[in-house]
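>>> model this:
(one chain, ligands or ions: 1)
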Amino acid sequence: MPPPVFRFAPSPNGYLHLGHAYSALLNFDLARRAGGRLLLRIEDIDASRCRPEFETAIYQDLAWLGIAWEHPVRRQSEHFCAYRDAIETLTAQGLIYPSFESRADIARLVAQREADGAWPRDPDGAPLYPGAAKSLAPVARAALLESGTPYALRLDMEAAIARVGDLAWSERGAGPAGESGAVTGWPQAWGDVILARKEIPTSYHLSVVIDDALQGVTEVVRGEDLFWSTSVHRLLQALLGLPQPVYRHHRLMRDGAGQKLSKSTEATGLRDLRAEGATPADIRRLVGL
Ligand code: GLU
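From the prediction side, this is the model:
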């Protein structure tokens, strides 16, 4: 049996905090206990939010915590070709369409729908795509693409589900309501998700699935805020013929007010805690490991 492969996959759009420390240390401990490998992946597809100093700080903070990872580190921004290929595969299956509404257009459409009654929201609380770009006439679509209008490439969720049917994933942790074992996905809850944009030829959902497969990841250990995203990930794996890892979603670290920690909360930033004299052992204690 080849050793299990774990990964920690932060985005360099801020400094790491206690929530990241918990996730990284948990991955490290589980990999070590299982005689497995630990990979580090830098999820830097959004150039407008990611900065080199945050990436440097990730390496420093993880090394300070005593975490060892394999090299080379995979940086998503260096692999846009792989994501484009996947978009082409899905396009060839007739499962992708461009939508051209701006954020303001979408907000207006949602307000109209809500005025007529409730409009569904995804598990993160964002309204589902309310537009009708899927049924745009081919000539109109071609003209918009030709004109250089910004667009998002969306997955035709109904057609995608019709192609692969119901799917479950193997959950070793627990979801927000304690779901574990074989969890049946409900990707329709996300509507026609964006898989790429004109200016960023991929998305979190697409690149995470491609990279986990290309890197041979067998165990995805990450925060429970991503639990229901796994429905979309499982669907994309099935559509693209990729292997499925097992998942372990873990509890989130929360601040005193019960809110999920954010990168702007300085009080829990690893750099600040280190500057105040905290040791790696203190961090382990603070996150309950
Ligand atoms: N890059 C994501 C984050 O920083 C984690 C993605 C994942 O573990 O699937 O929240």
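>>> From now on I want contacts and neighbour counts done on CA atoms only, so please keep to that.
OK.
>>> Let me know whether residue 12 touches residue 42 as I believe.
Yes. Using CA atoms under 8 Å, residue 12 is in contact with residue 42, at 6.9 Å.
>>> for the ligand, what are the nearby residues on the stretch 101-250 of the chain?
The stretch 101-250 of the chain comes close to the ligand at residues 208, 222, as judged by CA under 6 Å from any ligand atom.
>>> shared neighbours of residue 12 and residue 42, anything?
residue 55 (CA atoms under 8 Å, 6 or more residues apart in numbering).
>>> which residue ranges form the strands in the stretch 151-289 of the chain?
Per DSSP state E, counting those that start in this stretch, the stretch 151-289 of the chain carries strands over the ranges 152-155, 168-171, 181-184, 194-197, 219-223, 246-250.
>>> on that earlier part again, of residue 12 and residue 42, which one has the most company?
residue 12 (23 against 18; other CA atoms under 10 Å).
>>> For the more buried one, which three-state class applies?
Taking DSSP: H, G, I helix; E, B strand; the rest coil as the rule, one finds residue 12 in the coil state.
>>> Looking at the strands of the stretch 151-289 of the chain, which is nearest to residue 67?
strand 219-223 (15.3 Å; CA to CA).
>>> Report the mean confidence score over the closest one.
Mean pLDDT, strand 219-223: 98.
>>> hang on, isn't residue 97 packed against residue 153?
Yes. The criterion here is CA under 8 Å, and residue 97 meets it with residue 153 at 5.5 Å.
>>> which non-adjacent residue is nearest residue 280?
residue 65 (5.1 Å; CA to CA, 6 or more residues apart in numbering).
>>> burial of that neighbour, as a residue count?
Residue 65 - counted by other CA under 10 Å - has 18 other residues nearby.
>>> got it, and residue 252?
19.
>>> Would you mind measuring from it to the ligand?
According to CA to the nearest ligand atom, to the nearest Å, residue 252 and the ligand sit 11 Å apart.
>>> Also residue 16?
Taking CA to the nearest ligand atom, one finds residue 16 at 9 Å from the ligand.
>>> Also residue 53?
16 Å.
>>> send the alpha carbons of the host helix or strand of that residue over as CSV?
Element membership for residue 53 (DSSP states H and E) is helix 52-65. Presented in CSV, the C-alpha positions along helix 52-65 are these (Å, rounded to 0.1, in the frame of the first residue of the first chain):
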residue,chain,number,x,y,z
PRO,A,52,4.5,37.4,-2.1
GLU,A,53,5.0,38.6,1.5
PHE,A,54,2.1,36.5,2.7
GLU,A,55,3.5,33.4,0.9
THR,A,56,6.9,34.0,2.5
ALA,A,57,5.2,34.3,5.9
ILE,A,58,3.3,31.0,5.3
TYR,A,59,6.7,29.2,5.0
GLN,A,60,8.1,31.0,8.0
ASP,A,61,5.1,30.3,10.2
LEU,A,62,4.8,26.7,9.3
ALA,A,63,8.5,26.0,9.8
TRP,A,64,8.3,27.8,13.1
LEU,A,65,5.5,25.5,14.2
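>>> Where does the stretch 1-150 of the chain get nearest to the ligand, which residue?
Proximity of the stretch 1-150 of the chain to the ligand (CA to the nearest ligand atom) peaks at residue 10, 3.9 Å away.
>>> From what I see, that residue and residue 39 are in contact.
No. At 11.4 Å, residue 10 does not count as touching residue 39 under the criterion of CA under 8 Å.
>>> Compare the two and say which one has the larger neighbour count.
residue 39 (22 against 19).
>>> Need the per-residue pLDDT for the more buried one.
Residue 39 is given a pLDDT of 98.
>>> can you give me phi and psi for it?
phi -110, psi 150 (degrees, to the nearest 10).
>>> tell me the contacts of residue 28?
Taking CA under 8 Å, 6+ apart, one finds 38, 67, 68 in contact with residue 28.
>>> What is the neighbour count of residue 139?
Around residue 139 there are 9 other residues, counting by other CA under 10 Å.
>>> again, but for residue 145
16.
>>> Kindly export whichever helix or strand it is part of (C-alpha atoms) in CSV.
Following DSSP H and E, the helix or strand that holds residue 145 is helix 138-146. Presented in CSV, the C-alpha positions along helix 138-146 are these (Å, rounded to 0.1, in the frame of the first residue of the first chain):
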residue,chain,number,x,y,z
PRO,A,138,-25.8,31.2,-29.9
VAL,A,139,-25.6,34.3,-32.0
ALA,A,140,-26.1,36.6,-29.0
ARG,A,141,-23.6,34.7,-27.0
ALA,A,142,-21.0,34.8,-29.7
ALA,A,143,-21.5,38.6,-30.1
LEU,A,144,-21.0,39.2,-26.4
LEU,A,145,-17.8,37.1,-26.4
GLU,A,146,-16.6,38.9,-29.5
